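A.B. asks: I would like the atomic coordinates for the input below:
(chains A, B, C and D)
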There are 2 protein chains.
Amino acid sequence: MARRPSHDRAATLDRARDLFWAKGYHGTSLKDLEAALDMRPGSIYAAFQNKETLYGLTLARYAETGQNGFAALQSAMGPLEALEAHMRNLADLGTRSGPARACMLVKTILEIADVPGLRAQAETLMAETEAGFIAAFAEARDRGEIAAESDPEALGQRFQAEIVGLRAYAQRSGSAEAVAQLANAFADRVAELRMHA
Amino acid sequence: MARRPSHDRAATLDRARDLFWAKGYHGTSLKDLEAALDMRPGSIYAAFQNKETLYGLTLARYAETGQNGFAALQSAMGPLEALEAHMRNLADLGTRSGPARACMLVKTILEIADVPGLRAQAETLMAETEAGFIAAFAEARDRGEIAAESDPEALGQRFQAEIVGLRAYAQRSGSAEAVAQLANAFADRVAELRMHA
DNA sequence: ACCTTTCTTGAGTGATCGTTCAAGAATATA
DNA sequence: TATATTCTTGAACGATCACTCAAGAAAGGT
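C.D. replies: Alright, predicted model coming up:
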């Protein structure tokens, strides 16, 4: 019936995500995208509508990956252990070589003020991620792993703020040791919530 | 001998800072600057060389203001009290209406990857600010206000990471209560370091 | 082999980007 | 009042921006 697309859509979105994540929305031009995706403008627009829509798709993909990662930890261990492990997994952040160390959602919220749709999307995705942390703290409390009078919402918000701070801090170059120390300090703080029955 | 400038340079830099702080480097066009500064392109370039230089000047001004604020706290009270007050001052961040809630240095580091001079400047200014916090913790230790075995460097780094996280978190809209709770929680953590002789 | 449908191409769109510069306006000195 | 000096203006520059579209290439159905 028709010609088959010559690019794998998922892989293309991954490449676009890495580019946007590294260079930001305004800092990424369509020329950059053409080079990174190995596609000509017509194909990009046919497949993804426009730059804003493409960014939104990569943002959703980014958030989903992160949430899946935490969910995997949660199904492999208890909620409190998952939270601690999630934080401690960031200890080697200072030595990683990916597109950026800071969270792409945070980068979006800090950079974009003039594209309401993308701002709103990034805020929603951050709220979802936070809700996952809050739910984990709530389950930890229900299981008796942390004090019954704990406030899961406050704990989850603080947990996310610490991750945001850690990853933004890590965006600075040459602070690998400090980043590891910070991640472990924050992870220790989570572990110290545990009730020793 | 000559015509006098018709704009106050300091006030002009303040307006440019607010614009850059709110919209970012790439998100601010020279047309935006012309409107905000009420200056025509020729005047802007005669006074500030180019967009990058102007941004750098506003960044230096921003950091100086922040560092002066903390220094003022330090000369009005002890170092540990100053650190605690500095954090607690952020409790009403969620209700403020300024250009942005996130730190302009952090916004710069997260946004700008393709202008090496500005990135380096923002990193240097963040390191200076951190050094101020570290020095305050060191003095608190020397005065016996916190444990003698405290690590001022680790404490200062963590203090800055918490501020970065709090302010980036606050950039999200409609979280005034959570922001206040977070700021107080971080401030409490500082207060809990105090040795009760 | 032929038609139909879908995907890809890349030159080209008007708009906006950061920047320049010759000319005019304003003020201190002589 | 004339002159020298500095500041301001705004039209214009080439470059790049996000984006379009007519034409060609590829593959499934008949």
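
A.B. asks: how much space is there between the closest residue to DNA strand D within chain A and A:Pro5?
C.D. replies: Here the residue of chain A nearest DNA strand D is A:Gly42; by Cβ to the nearest atom of the strand that distance is 2.8 Å. For the C-beta atoms, the positions are set from N, CA and C on the backbone; glycine is no exception. A:Gly42 is 13 Å from A:Pro5, where distance means Cβ to Cβ, to the nearest Å.

A.B. asks: what residue ranges in chain A score low on pLDDT?
C.D. replies: Scanning chain A for pLDDT under 70 picks out A:1, A:197.

A.B. asks: thinking again about what came up before, what's the spacing between the one helix or strand the residue of chain A closest to DNA strand D maps to and its chain's center?
C.D. replies: Using DSSP states H and E, A:Gly42 falls within helix A:41-48. Its chain's C-alpha centre and that of helix A:41-48 lie 26 Å apart, by Cα atoms, centre = their mean, to the nearest Å.

A.B. asks: What is the subsequent helix or strand relative to it?
C.D. replies: Beyond helix A:41-48 toward the C-terminal end (DSSP H and E), the next one is helix A:51-76.

A.B. asks: tell me what that next one is packed against?
C.D. replies: Packing partners of helix A:51-76 (3 or more Cβ pairs under 8 Å, 6 or more residues apart in numbering or on different chains; DSSP states H and E): helix A:9-23, helix A:30-37, helix A:41-48, helix A:79-88, helix A:104-111, helix A:116-142.

A.B. asks: Now do the buried residues in the second one.
C.D. replies: When burial is assessed from 16 or more other Cβ atoms under 10 Å in any protein chain shown, helix A:30-37 yields the following buried residues: A:Leu33, A:Ala36, A:Leu37.

A.B. asks: So which of A:Gly42 and A:Pro5 has more stuff around it?
C.D. replies: Taking neighbours as other Cβ atoms under 10 Å in any protein chain shown, A:Gly42 and A:Pro5 compare with A:Pro5 leading, 11 against 8.

A.B. asks: Identify the spatial nearest neighbour of the more buried one, chain neighbours not counted.
C.D. replies: Nearest non-adjacent residue to A:Pro5, counting by Cβ to Cβ, 6 or more residues apart in numbering or on different chains: A:Ala47, 7.6 Å away.

A.B. asks: Can you get me a residue count around the one you found?
C.D. replies: 17.

A.B. asks: Now do the helix holding A:Gly42 and helix A:51-76, the angle between them.
C.D. replies: 50 degrees (axes from the mean of the first three to the mean of the last three Cα atoms, to 10 degrees).

A.B. asks: Tell me if helix A:41-48 is near DNA strand C.
C.D. replies: Yes: on the criterion Cβ under 7 Å from any atom of the strand, helix A:41-48 is in touch with DNA strand C at A:Pro41, A:Gly42, A:Ser43, A:Ala46, A:Ala47.

A.B. asks: Could you give the number of residues near the first one?
C.D. replies: By other Cβ under 10 Å, 11 other residues sit near A:Pro41.

A.B. asks: Looks like it contacts A:Lys31 (just checking).
C.D. replies: No: taking contacts as Cβ atoms under 8 Å, A:Pro41 lies outside contact range of A:Lys31: 9.1 Å.
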